[in-house]
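Asker: this is the structure alone, sequence omitted:
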Ligand SMILES: O=C(O)C(=O)[C@@H](O)CO
Ligand SMILES: [Mg+2]
C-alpha cells in the first residue's frame, strides 16, 4: 500500500501549522507537506515533526502578487530576480525544516507570451536546480488543470516533461497530481505508468469535486494499486478539500482499504 502524506495546505486548515502537524500525526499520517508555510519558523516545524514522528516533505515557492492573479514567478520575463529570491527562500526554509522538495511554480502566462515564458522558465529553473541540488533537494513541476487555474504555464504532463527534457537535470521531477491529471487529460493509469520514471511526488483528490477520494469518476482503489505495482516508493499526498471537517472526512481510509 502507498505511504500517505497529509497536505496541510488543505487539511486541518482551521488551526495553526504546528497544530496541523499534531492533528495529522494523531490521525495516523507519517508525513506532511505544505503549500506556503513561510510565516512559521521552520525550526519549530522540524521540532514538531520530530516530536510527532512525521516526515517533512515539500513546500511551494511563493506565488507573487496573488491579488493580481499571480501564481508563481518562474516563467515571467523580467521577474527573474524575484524568482531566484523565491527559490532561495524556499531552499533555506526547507533545509531548516528538514524538507525534501520544492514545487517551483512558473505562473500564469497568456498563450501569446508562451515562447518568451518558456525560455525564461528554462533559464530560471536550470539555475534553481543547481542551487537545490547542492542541498539534496528536488524541484517539482506540477501541471495544474485549466478549470482550477486558467492559463497556468502548463496544464499537461507533457508540458512539464518537455521542460524537464530541455534542462536535463536529475533533480527536476514531475508532481503527478491525480486530480489535475484527471481533469486535464484523463486516462490516469496509463499516464501514471508512462511518466513514472520522471515522477518526484504524487498527490490526489477526487475528480471532479477535489474532495475526499471516495467519490467521483476516479477509482482510487485502482490508482493506489497501480502506484504499488509500478514500484513507487515515495509518499502519496492527500491534497483534497474536505467536504466537511478533515477528521470527519477520513472515512476514505477504511472505505478504500488502505492504512495511513
Ligand atoms: O494546487 C495544487 O494541486 C498544488 O499542489 C499546489 O501546491 C499548487 O497550487
Ligand atoms: Mg497538487
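Answerer: Noted; the coordinates are in hand. Predicted, not measured: the structure shown is a model, and the values here were computed from it. Ligands and ions are numbered 1, 2, ... in the order given.
Asker: run a quick neighbour tally on residue 121.
Answerer: For residue 121, the neighbour count with other Cβ atoms under 10 Å is 29. C-betas here are computed from N, CA, C, even on glycine.
Asker: make that residue 167, sorry
Answerer: 17.
Asker: same question, residue 47
Answerer: Neighbours of residue 47 (other Cβ under 10 Å): 15.
Asker: now do the strands in the protein.
Answerer: Here the chain has its strands, by DSSP state E, at 3-7, 31-33, 55-56, 58-60, 101-103, 138-141, 172-177, 199-204, 235-238.
Asker: just put those strands in a markdown table and tack on mean neighbour count, distance to residue 86 and mean pLDDT.
Answerer: Shown next, in a markdown table, are these (neighbours: other Cβ atoms under 10 Å; distance: least, Cβ to Cβ, whole Å; pLDDT from 0 to 100):
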| stretch | mean neighbour count | distance to residue 86 | mean pLDDT |
| --- | --- | --- | --- |
| strand 3-7 | 24 | 20 | 98 |
| strand 31-33 | 27 | 18 | 98 |
| strand 55-56 | 20 | 19 | 98 |
| strand 58-60 | 26 | 9 | 98 |
| strand 101-103 | 24 | 9 | 98 |
| strand 138-141 | 25 | 12 | 98 |
| strand 172-177 | 24 | 16 | 98 |
| strand 199-204 | 24 | 19 | 98 |
| strand 235-238 | 26 | 21 | 98 |
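Asker: which of those strands sits closest to residue 39?
Answerer: strand 58-60 (12.1 Å; Cβ to Cβ).
Asker: list of residues touching that closest one?
Answerer: For strand 58-60, contacts defined as Cβ atoms under 8 Å, 6 or more residues apart in numbering pick out 33-37, 90, 93-94, 97, 99-103, 105, 140, 201.
Asker: does ligand 1 sit close to that strand?
Answerer: Yes: using Cβ under 6 Å from any ligand atom, strand 58-60 reaches ligand 1 at residue 60.
Asker: ligand 1 contacts on the protein?
Answerer: 35, 60, 103, 142, 144, 177, 180, 203, 239.
Asker: also near ligand 2: which of the residues you listed, exactly?
Answerer: Of the residues in the residues of the chain next to ligand 1, proximity to ligand 2 by Cβ under 5 Å from the ion holds for 177, 203, 239.
Asker: picking up where we left off before, mind checking which of the strands of the chain is nearest residue 122?
Answerer: Of those, nearest to residue 122 by Cβ to Cβ is strand 172-177, at 10.5 Å.
Asker: for the closest one, packing partners?
Answerer: In terms of contacts (3 or more Cβ pairs under 8 Å, 6 or more residues apart in numbering; DSSP states H and E), strand 172-177 is packed against strand 138-141, helix 157-167, helix 188-195, strand 199-204.
Asker: name every strand pairing with it and say which way it goes.
Answerer: If you go by DSSP bridges, strand 172-177 pairs up with strand 138-141 (parallel), strand 199-204 (parallel).
Asker: just want the angle from that strand to helix 157-167.
Answerer: Counting by axes from the mean of the first three to the mean of the last three Cα atoms, to 10 degrees, strand 172-177 lies at 170 degrees to helix 157-167.
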